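>>> my questions are about this predicted structure, shown below with the sequence.
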Amino acid sequence: MSKGFANCRVVLLASLVLACFAGLGTRLVWLQLVQRDQLLDSVEKARREIIVENARRGDIVDLHGNLLATSRSMIEVGVDPRSLRPKDEPKWPQLAVLLGRPLPEVAKILTTRFSPAAAPVRPTEGVGKAASSPAVGLASLVFNLPGQPAAPPAPPAGAAAAPAEENGDTVVDEPDAPGDRPIKYAKLCDSVSESTYEEIVRLGIQGIVGQRMFRRVYPDNALAAHVIGYVNHDEKPVTGIEAYADFYLRGQNGWVETEKDGHQRELPQFRSRVVPAVGGYSVKLSIDVNVQHIVEAELEYIARTYQPLKATIIVSDPRTGFILGMGNYPTFNLNEYNKVTKDQQAEMHDVAVGDMYEPGSVFKIIPVAAALNERLVTPSTKFDCTLTQVLYNDGRTTRVVGLPREDASDHFVHPLTVAQILGRSSNKGAAQLGMMLGKGRLYAYARAFGIGELTGLPVGGEIYGTLHRTENWDGEMITRIPMGQSVTATPIQMHQAMSVIASGGLLLRPQLIREIRDAQGAIVCWFGTSVVRRVISAETAQTMQRLLATVATEPVGEADGGMGSSLAIPGFEVAGKTGTAQKVETMTLASGKTIRAYSHSHHVGSFVGFFPARNPQVEISVIVDDADAHTPGGTGYGVRVAGPSFRHIGEQLIPYLSIRPYDPPAHSALAMGGARP
């Protein structure tokens, strides 16, 4: 080999080495200087990750701490299709079995690695939104008390601004060159138990990941369904206490700022910030599960016996306004809210606050109490209840006004005292009391008793009812409103109105929430008796208690509207009022004209009362809608469809609540066994 050729080889080799170093240097300059910011951003997006730690929703418990709603820890299982290995494919059938899904469905998710660029997606909400502080205004509007859960600090700016987007069950990355979006995460199963997830982990399938979630469960299924309410699949509150107290119940999600490797596994050593989740507060209700069971068992009996359109029972302590039990028929299973079909939606409607009805004779407590409170009458003042019309002066003109038409329930051949008007439920007597009060005072007292106003019960969906202003009254309303027609109320409004008499003349706000505690058990908010206003004097309230006690003890017939001694609770003075209200329905006349008129075959039967009459300790309302078809005689009188249920509930509550007679006769034996008559 010549010396010249050897030198050429050395030069060539040196040139190649120099060219390699020059190319490498150029590439380094390009990467480190020209593309530095772009590449750093890409690496950070690929490695940095914000992991959300879901907060546990607070519990809802009853008066004694029994769980009504709680959150169960579950694992959501998903997959990063890009990390799957061919050697793990034989394990897919076992994975499908553990997930409880057909293998073809699981395989389709595992093998789908791209999402079309045109597929609808929404930006990732990110931890910044999930962990943000709820609107403080909600706390002041709902509770007007301090103590809201503290929110964790928000993640650093840009930390959650990942390129990923999601469309519910799938998270996708930025589109590649052809325009398709690589799938970063696809959900395989909403939730599996801890033990099941451990079995999935033991399969060793690379790319399968789990995220701890909390699923809302209701231990007693349908118990107090309309009071508790529910959260949907996305853990968003929909109704009831779940929605009203969501500000306190929901807690605050935490987050972890960390990095991951090329296989999408977290690198704990690179965690730069950890913000723990803050669990939601627990809410204690005034509901007593034992009282609630009694209420719902009675509703089942009413439904089975009379097959009504709907029914409501409310039990409360008239001394405080706190509700001990409240239920509706029909109802639904909170754990299966998503199985309620469209034609079963009525089951989810809270009749107690969301339905209005003409209360009928129960409303007579208002004009009687008003006339007594204004000292216009005494219990012994007599009225001629055989009249068909009377002279009425409304302050501007004097005219003849027709009284309600006489029927079997309002036929009296002799004058009645105010006490008898109430006890025997005389429509004509109530009408004359209304005219004695006049439009202004009758309207004012009805409002004062809570008619036409929201009670503020924290279950949502409450309506006002209807109490027209006096300028909109027609010629007959002054005689119809006192007897409970031409006015509508919700069951909770009539319950509240009766509580005015039971509480000594005060309108108390019905309440369901007793206290709110944080995750450590410390009381954050506590709720006591809330007095709205004084409606009648204590003296008038005591007089009304005595008069209403005669309704329950006077042995009058059904047609007279009295409750009758057969429905009283032996050994106790029971005070209350029955109601049998005709429902308004659409009728077609012979001429073909359609009108709205009172039905003679569809009624709302009710009984609202309390006991002991002179020392009220429990108030019970029973309202049964349209039980006529399955009631003996074909009319759903309140005395027949609601009165017995009042008695049956009361007999069971006597031993449970340790209720004692105000002045027990020495010779009477208490009937406290709860057996149905």
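That came through, no problem.
>>> got the domain ranges for the chain?
48-285, 289-333+349-656 (automatic domain parsing).
>>> which stretch among the ones you listed comes nearest V29?
Closest to V29 of those is domain 48-285 (C-beta to C-beta; 25.6 Å). From N, CA and C alone the C-beta is placed, and that goes for glycine too.
>>> any idea which of the domains of the chain is most buried?
domain 289-333+349-656 (a mean of 20; mean count of other C-beta atoms under 10 Å).
>>> from what I see, G254 and R273 are in contact.
No - the pair G254 / R273 is not scored as a contact, 10.6 Å apart, by C-beta atoms under 8 Å.
>>> lowest average pLDDT across the domains of the chain?
Of all the domains of the chain, domain 48-285 carries the lowest average pLDDT, namely a mean of 76.
>>> endpoint to endpoint, that one covers what distance?
End-to-end span of domain 48-285 (C-alpha to C-alpha, to the nearest Å): 44 Å.
>>> what does stretch 222-242 give?
15 Å.
>>> do stretch 504-521 as well
Stretch 504-521: ends 36 Å apart by C-alpha to C-alpha.
>>> that older thread, out of the domains of the chain, the one nearest V11 is which?
That would be, of the domains of the chain and by C-beta to C-beta, domain 48-285, which comes in at 41.9 Å.
>>> got the contact list for T320?
L508, Q511, G528, T529 (C-beta atoms under 8 Å, 6 or more residues apart in numbering).
>>> mind putting the domains of the chain into TSV with distance to T341?
As requested, those are exported to TSV (distance: least, C-beta to C-beta, whole Å):
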stretch	distance to T341
domain 48-285	16
domain 289-333+349-656	11
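>>> out of those domains, flag the one nearest A6.
The nearest among the domains of the chain, by C-beta to C-beta, is domain 48-285 at 46.7 Å.
>>> sorry, back to before: just the contacts of T320: which are in strands?
In strands, defined here by DSSP state E, the members of these are L508.
>>> please identify which pair of the contacts of T320 lies farthest apart.
The most widely separated members of these are L508 and G528, with 10.8 Å between them, by C-beta to C-beta.
>>> what does the host helix or strand of V353 contact?
In the assignment (DSSP states H and E), V353 maps to helix 351-354. Residues outside helix 351-354 that contact it (C-beta under 8 Å, 6+ apart) are 226, 310-312, 314, 326, 328-329, 455, 457, 459, 461-463, 490-492, 625.
>>> again, only this time at 6 Å
Contact with helix 351-354 is made by K310, T312, M326, N328, L457, V459, G461, E462, I463, T490, P491, I492, as judged by C-beta atoms under 6 Å, 6 or more residues apart in numbering.
>>> who's in contact with the fifth one?
The contact partners of L457, by C-beta under 6 Å, 6+ apart, come to V353, I492, P510.
>>> export the residues you listed to JSON lines and tack on distance to N472?
Listed next are those as JSON lines, based on distance: C-beta to C-beta, whole Å:
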{"residue": "V353", "distance to N472": "25"}
{"residue": "I492", "distance to N472": "25"}
{"residue": "P510", "distance to N472": "28"}
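>>> and which of those is nearest I501?
Of the contacts of L457, the one sitting nearest to I501 (C-beta to C-beta) turns out to be P510, at 15.1 Å.
>>> any idea how far the closest one lies from I478?
29 Å (C-beta to C-beta, to the nearest Å).
>>> ditto for L547
Counting by C-beta to C-beta - L547 and I478 are separated by 23 Å.
>>> do D246 as well
Taking C-beta to C-beta, one finds D246 at 45 Å from I478.
>>> cool, V624 as well?
If you go by C-beta to C-beta, the gap between V624 and I478 works out to 29 Å.
>>> list the strands paired with the biggest strand by length in the chain, with their directions.
Secondary structure of the chain read by DSSP E shows that its longest strand is strand 594-611. Here strand 594-611 has these sheet partners by DSSP bridges: strand 575-588 (antiparallel), strand 618-625 (antiparallel).
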